[in-house]
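Engineer: give me the fold of what follows.
(one chain, ligands or ions: 1)
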Amino acid sequence: MRILIHKDYDSLSKWVAYYIARNINAKKPTPDKPFVLGLPTGSSPIGAYKELIKLYQAGKVSFRNVVTFNMDEYVGLPEGHPESYHYFMQERLFRHIDIPKENINIPNGNAPDLEKECKEYEEKILKVGGIDLFLGGIGVDGHLAFNEPGSSMTSRTRIKTLTLDTRVANARFFDNDVSKVPATALTVGLGTIMSAKEVLIIINGIQKARALYHVVELGVNHMWTGSMLQLHRYGIIACDEEATMELKVGTVKYFKDIERHALENLPDLLTE
Ligand code: GLP
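Structural biologist: The predicted structure is shown next:
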C-alpha cells in the first residue's frame, strides 16, 4: 500500500485530482473502452473535485469517455434533496464537466425493488469492464462507503443499516437532527471496492487520525473496514499531516522518504 503524506488538504486535493486526470489520459479512453471511475461523496473529496473542474476548464482532461459509479446513496431521500448524494454529485462535480448524463451511475435509493437495484448495479460495473480507479473517503470509525464496522470483507452492493455513529456524524447536514438522517443506505461492498484495478482513499484532518492509524499500522480487521486496503494490489492513501497524528514518527518518516519523488513532482504529473 502506498501512503502519500501531503502537507495540507490543498496539496492533497491537487495531487488526487492530477493523479485521476493523468490516469484518465493514460488510458486514452473511447466510447467502447471508457475510463471507469468510482466516486465518493462527503467533505473529503470536495477539494479534489474543485481541482478536477479546474483541470477540465484548462483543457487538461475530458470526461467525455469516463463512466462513473458512485459508492453509495441514502434510501428514501428524494434525488432532489440537497443532502442526497445525487444532488451532491451534480452540484460538486458533474454539472461543471463534460461527462455525458448516461455515463453517470449512482445507486437509486428510491428504486421499487432495492435488492434488484443492487444486483443490477454490480452487473453494470462488470459489463463496462470493471472499475479502473475507485476514489474514496473514510469515516471516523474507518468505514469505506457505507461499509460500517463488521461488514463482510467480500461484500457486494447491498442495503446497509447505518450505525448511530454515522448518523450522528451526518446529522450536521440534516439540521443537527439525527432522526432526519436516513437509517439505511445502498452501498457498494468491500468486495466491489477490492475488485477495482486501483483504489485511492483520501484521509484528511485530525478527526481521521485514529482511522489512519488502524488502517496503516494495525492488521486487517472487519471492525475498521478501510484496513482491507492492505490486501489490495494497488492501494493508495492520500493523507495530510494532521491525519498522521496517531502514526509512529518512524512510519511517517518512512513513507515521506519513499514517496518523496511523487510528492515533489506534482506539476509534472500531466506532462510526463
Ligand atoms: C459517509 C460516506 C463515506 C464517507 C464518509 C466520510 O459515511 N458514506 O463515503 O467517506 O461519510 O465523510 P467525510 O468525507 O465527510 O468525512
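
Engineer: with just CA atoms, put the lowest-mean-pLDDT helix or strand in the chain into PDB.
Structural biologist: Of all the helices and strands that make up the chain, the one with the lowest confidence by mean pLDDT, DSSP states H and E is helix 260-264; it has a mean of 84. Output for helix 260-264, consisting of C-alpha atoms alone and laid out as PDB, is shown next (Å, rounded to 0.1, in the frame of the first residue of the first chain):
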ATOM      1  CA  ARG A 260       9.400  12.000  -1.900                       C
ATOM      2  CA  HIS A 261       9.600  11.900  -5.700                       C
ATOM      3  CA  ALA A 262       5.800  11.500  -6.100                       C
ATOM      4  CA  LEU A 263       5.200  14.300  -3.600                       C
ATOM      5  CA  GLU A 264       7.700  16.700  -5.200                       C
END
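
Engineer: so what touches that helix?
Structural biologist: 2, 4-6, 15, 256 (Cβ atoms under 8 Å, 6 or more residues apart in numbering). Heads up, the C-betas are built off the backbone N, CA and C, glycines and all.

Engineer: ok, now stretch 27-34?
Structural biologist: Counting by Cβ under 8 Å, 6+ apart, the neighbours of stretch 27-34 from elsewhere in the structure are 35, 65-67, 103, 128-129, 132.

Engineer: ok now it, how far from the chain's centre?
Structural biologist: With Cα atoms, centre = their mean, to the nearest Å as the basis, stretch 27-34 stands 22 Å off its chain's centre.

Engineer: quick one: average confidence on it?
Structural biologist: Looking at stretch 27-34 alone, the average pLDDT works out to 96.

Engineer: residues of this protein that sit close to the ligand?
Structural biologist: Those residues of the chain that sit near the ligand, judged by Cβ under 6 Å from any ligand atom, are 40, 42-44, 71-72, 137-139, 145-146, 166.

Engineer: which non-adjacent residue is nearest the residue of the stretch 51-200 of the chain found nearest the ligand?
Structural biologist: As assessed by Cβ to the nearest ligand atom, the ligand sits closest to residue 137 within the stretch 51-200 of the chain, at 2.9 Å. Spatially, and ignoring its direct neighbours in sequence, residue 137 is nearest to residue 44 (3.4 Å; Cβ to Cβ, 6 or more residues apart in numbering).
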